[in-house]
Each structure stands twice: as structure tokens, then as C-alpha cells.
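Peer 1: build me a structure from this.
(2 chains)
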Amino acid sequence: QKEVEQDPGPLSVPEGAIVSLNCTYSNSAFQYFMWYRQYSRKGPELLMYTYSSGNKEDGRFTAQVDKSSKYISLFIRDSQPSDSATYLCAMSKTGTASKLTFGTGTRLQVTL
Amino acid sequence: DGGITQSPKYLFRKEGQNVTLSCEQNLNHDAMYWYRQDPGQGLRLIYYSQIVNDFQKGDIAEGYSVSREKKESFPLTVTSAQKNPTAFYLCASAGTGELFFGEGSRLTVL
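Peer 2: As a prediction, this is how the structure comes out:
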């Protein structure tokens, strides 16, 4: 069993929809949680960074962490075609980049 | 513009050949990383370096080698000992925790 599980998709939604992307994990020591967005044939870029449990909002994006359920989510409101990408979750115990564990990524397609 | 430059973007290699992927950053970051990305798998750490002239193996270092002679540069050599080298390779750097990635190099072994 992988330490971090993420549905690969693809997930197809119409423009304007609310998107929910999720990861589950097995290691209760994870404290730092990240979401990266990766466009096709490009490197990932950091979208959201949260520590421990709770919610964090940034524009149309909300990251949610539920440590009791070992479950993290990324919500995208008013989705746009430019949101079409692969979304990777990543997490670590210490916050140092060398100890990150990545999910496999969920491919999202937002259609007109 | 500050960032990470990887070259080449695409590379073809015959079996048995070594190949070196270049990674240069002008973000003044101390730490640099090499990841491998395969379909259906998360990013896997190959090597990382937190300071010049020092580097550590990641989770899948076998068949790879690196050097860190300058702060700005962290080249990765894929040797003939790497059994399955066809993949997308990503270089990254970090200052205070956030990883900044390059655009990747796609290596295909013929």
C-alpha cells in the first residue's frame, strides 16, 4: 500500500463547476501538506501549503486537512479551462523538501 | 527572470550510453533536487544536495550520479547501469521549504 493515495482521474467538469480533489495517507506523522499544479510537459508549481489541520483559502482555491481521517482536499471554485492540469498532493513530517512524499496526481479537465 | 533551467528538454539515448542532464538555478537557493516522474507514480527523489560539494542519495539513486561544484548547478548523469531510464526528469531547488521546479527533461532510451 502506498503512503499517499490519489485517484489518477481523469476528472472532467464543466466550466464554472466546483472541483474537489483528494488524497488519503497512512502516515499519521505527516504535518505539512502541499498541493502542486502541473501543466502538460511542464514542472509542477506550488499552489497551496498548509501545516497541520484546518482550512486555507487563496482566491478560488481552498485546501483542507483532516488529520483525524488522514484526508486532504483541494477545492477549486468557479473552475476555468486554464485550471486543466494534473494536481499533485505532497506531504512530509518535517517540512523539509528532501522528505516530501508525493501522490501520483489527478488529471483535471475543465470543459467549455 | 529568476528560475530553474533544465536542458535538454528532450533527449534520446541508445542503450549502454551515459547521458547528462543539466540543471541551473539563479534563485540563490542552497538546496537542489532531482526527481523522476513516471506515469502512475508519484515524483521519486533521486539525489539531493543541500550545500556545494555535498549531496545525498534519495529513494532511487541506483544507476544515477550527480555533482555539485557550484551553487547554481546540479547536473544529473544517467548511467548505463540504470535499468529503466526512460522517464521525465525534474530538477528543483528550495530556499525555505517550497520547491521550485524546472520544466523537465524527457529522456527516451531507444
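Peer 1: in stretch B:75-86, which residues are buried?
Peer 2: Within stretch B:75-86, the residues that count as buried by 16 or more other Cβ atoms under 10 Å in any protein chain shown are B:Pro75, B:Leu76, B:Val78, B:Gln82, B:Pro85. Any C-beta I mention is one placed from the backbone N, CA and C, and that applies to glycine too.
Peer 1: and what of stretch A:88-107?
Peer 2: For stretch A:88-107, the neighbour count (16+ other Cβ under 10 Å) marks A:88-92, A:97-98, A:100-107 as buried.
Peer 1: stretch B:13-31 now?
Peer 2: Applying 16+ other Cβ under 10 Å to stretch B:13-31 flags B:Arg13, B:Val19, B:Leu21, B:Cys23, B:Glu24, B:Gln25, B:His29, B:Ala31 as buried.
Peer 1: I'd guessed the fourth one sits against B:Cys91; true?
Peer 2: Yes. When contacts are counted by Cβ atoms under 8 Å, B:Cys23 is listed as touching B:Cys91 (3.5 Å).
Peer 1: need the overlap of contacts for these two.
Peer 2: B:Ile4, B:Gln6, B:Met32, B:Trp34, B:Phe74, B:Leu76, B:Gly102 (Cβ atoms under 8 Å, 6 or more residues apart in numbering or on different chains).
Peer 1: ok, which of those residues also contact chain A?
Peer 2: Taking Cβ under 8 Å from any Cβ of the partner chain as the test, chain A is in contact with B:Ile4, B:Gln6, B:Gly102 out of the shared contacts of B:Cys23 and B:Cys91.
Peer 1: next one, pLDDT for the first one please.
Peer 2: Reported pLDDT at B:Ile4 in the predicted model: 96.
Peer 1: now do the same contact list for it.
Peer 2: Shown in contact with B:Ile4 (Cβ under 8 Å, 6+ apart): A:Gly43, B:Cys23, B:Glu24, B:Gln25, B:Leu27, B:Cys91, B:Ala92, B:Ser93, B:Phe100, B:Phe101, B:Gly102.
Peer 1: okay, and the beta partners of it?
Peer 2: Beta-bridge pairing for B:Ile4 (DSSP bridges): B:Gln25.
Peer 1: how close does it get to A:Thr106?
Peer 2: Here B:Ile4 is placed at a distance of 24 Å from A:Thr106 (Cβ to Cβ, to the nearest Å).
Peer 1: interface residues of chain B facing chain A?
Peer 2: Taking Cβ under 8 Å from any Cβ as the contact definition, chain B meets chain A at B:4, B:6, B:31, B:33, B:40-45, B:48, B:50, B:56, B:58, B:90, B:92, B:94, B:97-104, B:106.
Peer 1: can you rerun that using 7 Å?
Peer 2: Within chain B, the residues that sit near chain A (Cβ under 7 Å from any Cβ of the partner chain) are B:31, B:33, B:40-43, B:48, B:90, B:94, B:97-99, B:101-104.
Peer 1: of these, buried ones?
Peer 2: Buried members of those, scored by 16+ other Cβ under 10 Å, are B:31, B:33, B:42-43, B:48, B:90, B:94, B:97, B:99, B:101-104.
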